[in-house]
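Visitor: coords below, sequence missing:
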Ligand code: HEM
C-alpha cells in the first residue's frame, strides 16, 4: 500500500465526522493533533472549564461529548488561524478561560436585563434561507438606543469579583447573550447553516447617541467576537447608514481592530432594502423593496424567547449555580 493511501485511511474516520466541509489530509492531520492535545488544553484552563457554545470540548470517552460537533467546533478554531496549530491551541485555551470567567450562557439563558435592551435586538430564523448561512440572523437596532450611559456602565470586572457578579457592562452581557442564543440555532454539520448573519440597523441613529462608554464597549465587543467566536459570521450588514455618518465605517477600518477576513464579510447600505439576501416576502416592508406578506414589525419574527440551551449547556449552568451557592455559604459561615 502506498504511503498516501495509508495516510488517507488513517484519517478516514476523522474526516467522516466533518460534514461542513471536505478536509484535506493536511487539515485532517492538524485536527487530529488538536484533538489529541485536548487533555493538556483542558488542564491549562481555570477550573478545567470545557464548554463552548453549550458543547463539551473534551476526550471521546467523557459523558456528553458529541464527537462530530466537538470536531466541527475545533475545526472552526483551526480555520480561523489558517490551520496554525500553535495559534489555534492558544486561542482555544484563551476562549475556554474567557467562557469560564464571562459565563456567556448565563448571559443568554439566566440573566435578565433592562427593558430598553429588548428594543435593540432580534433573532430571526427564516427557512428556507435564500442564501447560505443567512438562515439565522441577529439584528441590532442601535437607532433605538436612548440611554447609553446607563447601559454601558461597567459592573464587576476584576479578578476578585464573586461568580454571582458577572464581568462587563449590562449592554455587553446582553449583546453576548444574543449571540449565544442565536448560535443554538446553528447546525455545525450543515454547510448552509453553520454560520450566522448579523445586521446593524442604524435607522434613526444620531451623533448624540455616541457616548464614551459606548465607544469603549464597542471596541470590547469587536475584540471579544474576534477572539472567541471564530468562523461563525457569514455576512454583516450595516443598513440605513446615514450619509453623514459613513465616516464611522472608515474609522473602524483604520483603527485596525477588525481583521481583514472580517472586513471582507461587511456590506454597507445607506438604505434598508435586504430583499436580495432573504427569502421572498419574508421581511417586513421596511426591509424589503418587494411586496411582503410578513408582519409589519421585525419583532413579530423574533424567535429569541423560544430558544433553549442545549444539554451540556444546562449541565455547565447547573455547575455555575452550585459554585455560587457554595460561595454564598462560605460568606455566611
Ligand atoms: C450612534 C450610532 C451607533 C451605535 C449606537 C453603534 C453601535 C455599535 C456597537 C454596539 C457595535 C459593536 C458590535 C456589535 O454589536 O455587533 C458596533 C460595531 C460597529 N459599527 Fe456601529 N454604531 C453606531 C454607528 C455606526 C455607523 C454610522 C457605522 C457606519 C457604517 C457603524 C459601523 C460599525 C462597524 C463597522 C462596527 C464593527 C463591527 C464588527 O466588527 O463586528 N456604526 N456599533
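Guide: On my side now, so go ahead. Everything numeric here is computed off the predicted structure, so don't read it as measured data. Residues are numbered from 1 along each chain as shown.
Visitor: Where in the protein is the helix or strand with the lowest mean pLDDT?
Guide: helix 3-16 (a mean of 72; mean pLDDT, DSSP states H and E).
Visitor: Residue 173 touches residue 112, doesn't it?
Guide: No - applying Cβ atoms under 8 Å, one finds residue 173 not in contact with residue 112, separated by 10.5 Å. (Each C-beta comes from the backbone N, C-alpha and C, glycine too.)
Visitor: Please identify which of those two sits among more neighbours.
Guide: Ranked by neighbour count (other Cβ atoms under 10 Å), residue 173 and residue 112 place residue 173 first, with 22 against 7.
Visitor: how close does the more buried one sit to residue 292?
Guide: Going from residue 173 to residue 292 by Cβ to Cβ, to the nearest Å gives 34 Å.
Visitor: which element is residue 198 on?
Guide: strand 196-201 (DSSP states H and E).
Visitor: wait, does stretch 191-206 contact the ligand?
Guide: Yes - for stretch 191-206, a contact with the ligand is found by Cβ under 6 Å from any ligand atom, at 198, 200, 202, 205.
Visitor: same deal with stretch 138-155?
Guide: Yes - applying Cβ under 6 Å from any ligand atom, one finds stretch 138-155 touching the ligand at 140, 142, 145.
Visitor: quick one, helices of the stretch 151-300 of the chain?
Guide: With DSSP state H, counting those that start in this stretch as the criterion, the stretch 151-300 of the chain has helices at 170-183, 212-228, 247-254, 260-263.
Visitor: Single out the most deeply packed of those helices.
Guide: helix 170-183 (a mean of 23; mean count of other Cβ atoms under 10 Å).
Visitor: quick one: that helix to strand 196-201, angle?
Guide: With axes from the mean of the first three to the mean of the last three Cα atoms, to 10 degrees applied, the angle from helix 170-183 to strand 196-201 works out at 140 degrees.
Visitor: begin at 840 from here
Guide: Renumbered: residue one is now 840, and that last one reads helix 1009-1022.
Visitor: residue ranges with poor pLDDT in this protein?
Guide: 840-848, 993-1004, 1047-1048, 1170-1172 (pLDDT under 70).
Visitor: residues of the longest helix anywhere in the chain that come out buried?
Guide: Using DSSP state H to assign secondary structure, the helix with the most residues in the chain is helix 1150-1171. Across helix 1150-1171, burial judged by 16 or more other Cβ atoms under 10 Å covers 1151, 1152, 1154, 1155, 1156, 1159.
Visitor: so who does the residue of the stretch 840-989 of the chain found nearest the ligand touch?
Guide: Closest contact between the stretch 840-989 of the chain and the ligand, by Cβ to the nearest ligand atom, is at residue 981 (3.9 Å). With contact set as Cβ atoms under 8 Å, 6 or more residues apart in numbering, residue 981 has these partners: 959, 1039, 1040, 1041, 1044, 1048.
Visitor: Of those residues, which is the most crowded?
Guide: Within the contacts of residue 981, residue 1040 tops the neighbour count with 24 neighbours, counted by other Cβ under 10 Å.
Visitor: looking at the sheet around that residue, what are its partners?
Guide: residue 1078 (DSSP bridges).
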